[in-house]
Every structure is written in C-alpha cells, then in structure tokens.
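Enquirer: need a 3D model of the following:
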Amino acid sequence: MAEVIIVPDSESAGALVADEIVRLVRERADAVLGLATGSTPLPVYRALTTRLEGVDVSRVRGFALDEYVGLDPAHPESYRSVITREVVEPLGLDPAFVRTPDGSPEGIEHAGADYELAIAAAGGVDLQLLGIGTDGHIGFNEPGSSFASRTRVKTLTRQTRADNARFFDTIDDVPMHCITQGLGTILTARHLVLLAFGEEKAAAIAGAVEGPVTASLPGSAIQLHEHVTVVVDEAAASALLDADYYRYAYANKPAWQGI
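Expert: You can find the predicted model right below:
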C-alpha cells in the first residue's frame, strides 16, 4: 500500500517533499532526481530554493519525465526550457547533469533507448516526482499504456493537446508527439512521490491508490512499487475511502522513517 499523506494545501506538500529531497542530497551528494513539469511540482521546487542554501548540489543529477518531439529545445515551452527555468537555475544545479529526453526528429528512433541507457549509467533514479492527470495519466503515459513500457515516442491525445494549448498560441502549435519515460521506467525509481491538488484530481487519486491496477488508469501502476508516497491536499483526498486511516497512520508514524 502506498503511504498517503493528506496536507492542508500545496505549500505544505511542497515543504514536506522538499525536506525529504534535502535529506536525500545531504546523504548522497550525487543523488539522482526524477523531475516532473507542470504546475503540480512547483511548490516543491519553490520550497527547495531556500532549503538548499548551503547544501552542495554541484553533483546532483536529474532526469525529466518527458519532452515534446520536434519542438526546438530553445522554445519556452519545451520541457528542456521549463526544467532550466523552474529547476536548474533557481536551485543552482549543473545543467550538464540534468537531462531531458531528446525530442529531435533526427535520431528519434533510438532516443528512447538512449535515455534508458543514460538513466542506468547514472545508477537509476533515487526519487521520482510525479503528477497525475484527471484521466489518471502519469508522464505522458495515457490510458492504455503498458505497465512494462519504457521510454518511447507517444501520440498525444486530443484532450492532452487541448489541455496544453494554454501554453501555446493555438492548439495547432502543440506538438502531436512526445517522448516519455514509460510506466516500466518510472517503476524502476527507488522512491516515487506522487502529488495532487484540487478536487478535479480526487477521482484519479482514489483510483490510483484504492482502485484496481489497470492500464485504463496508468497512475494505478504505483500500487506495484514498494516505496510510494502520495501527498495530496484535502480536496484531492476527498474521494479516498480510507482517508481517516491514512491520517491515523501518518500521525503515528515513527519519525525516523521519513517519507
């Protein structure tokens, strides 16, 4: 069972997860972080800007979950640009140690395999940050994705392109394809931290944590992992049947266990 931590708001979640990342980096100077984009992980990155002061991050490495195919890496909405803007520069990480999948059309046939090799060469991801879509997707693994899938090219659904159109001038500017870590890749990380905020995420969280393990809800893959922490606000927790137990378990958890 995943550990579920219910907090008052996203800022509390950010502080909690940031503290765990700082503990990890102090323990392992060359820690490998799995980096998510979008609005969900932003409270974590904001909290880290102050908590990492005085901490040596020169050897910290990072791997982004996904990237658009065919979008210039210099485009402000490429995930390379987003990770640089929201993570690398504010936290003072070495950009040479932070990677995103290569979405260039040239060599796209083997870009997924190349990314898998890079993650393996780094020793694997220590802590993977995740968000979840209203349809239960994690990364760009849409409903129907195989639990054994590795980093690969995917066709974005109409809904995902419509959701992401707010970052572009028109929906036609949203790339049709992406390259994303697969569910199988994500499950190789040593610790998964899934965050969700808002009532619109409540059904997806309930399905991922308490529902059946099914490709129809990719987030349910977390039930197959031995170390998962789900951090949600009250609204995102509103559909959880065992919410009272999760509160009780967390309130009585030994402090030495961390998250």
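
Enquirer: could you pull out the strands in the stretch 151-259 of the chain for me?
Expert: Secondary structure of the stretch 151-259 of the chain by DSSP state E, counting those that start in this stretch: the strands cover 152-155, 177-180, 192-196, 228-233.

Enquirer: go through the ones you listed and name the closest to residue 129.
Expert: strand 192-196 (5.5 Å; CB to CB). Yep, even glycine has a C-beta here, placed from its N, CA and C like the rest.

Enquirer: quick one: contacts of the closest one?
Expert: Contacts to strand 192-196, defined as CB atoms under 8 Å, 6 or more residues apart in numbering, come from residues 2, 10, 13, 17, 20, 40-41, 44, 127-132, 138, 186, 204-205, 208, 219, 222, 225, 227-233, 236, 259.

Enquirer: restricted to helices, list those.
Expert: Among the contacts of strand 192-196, the members falling in helices (DSSP state H) are 10, 13, 17, 20, 44, 186, 204, 205, 208.

Enquirer: distance check, the closest residue to the fourth one other than its chain neighbours against residue 13.
Expert: In this case it means residue 20. Leaving out its chain neighbours, the residue that sits closest to residue 20 by CB to CB, 6 or more residues apart in numbering is residue 259, at 5.0 Å. According to CB to CB, to the nearest Å, residue 259 and residue 13 sit 11 Å apart.

Enquirer: overlap of the contact sets of the two?
Expert: Counting by CB under 8 Å, 6+ apart, the shared contacts of residue 259 and residue 13 are 5, 231.

Enquirer: those two: who's more crowded?
Expert: Neighbour count, other CB atoms under 10 Å: between residue 259 and residue 13, residue 13 has more, with 26 against 17.

Enquirer: next, the contact list for that one, please.
Expert: Each residue near residue 13 by CB under 8 Å, 6+ apart is listed here: 5, 7, 43, 44, 195, 197, 231, 232, 233.

Enquirer: farthest pair within the ones in helices among the contacts of strand 192-196?
Expert: Across those, the longest distance by CB to CB is 22.8 Å; it joins 20 and 204.

Enquirer: ok, these two, which is more surrounded?
Expert: Each of residue 20 and residue 204 has its neighbours counted (other CB under 10 Å); residue 204 has more, 24 against 17.

Enquirer: show the pLDDT at that one.
Expert: We note a pLDDT of 97 for residue 204 in this prediction.

Enquirer: now it, nearest residue through space, not along the chain?
Expert: Nearest to residue 204 is residue 136, by CB to CB, 6+ apart, at 4.7 Å.

Enquirer: isn't the one you found up against residue 143?
Expert: Yes - here residue 136 reaches residue 143: they are 6.4 Å apart, a contact under CB atoms under 8 Å.

Enquirer: identify the contacts common to these two.
Expert: Residues touching both residue 136 and residue 143 (CB under 8 Å, 6+ apart): 216, 217, 218.

Enquirer: let me know the closest of those to residue 175.
Expert: Of the shared contacts of residue 136 and residue 143, the one sitting nearest to residue 175 (CB to CB) turns out to be residue 218, at 20.1 Å.
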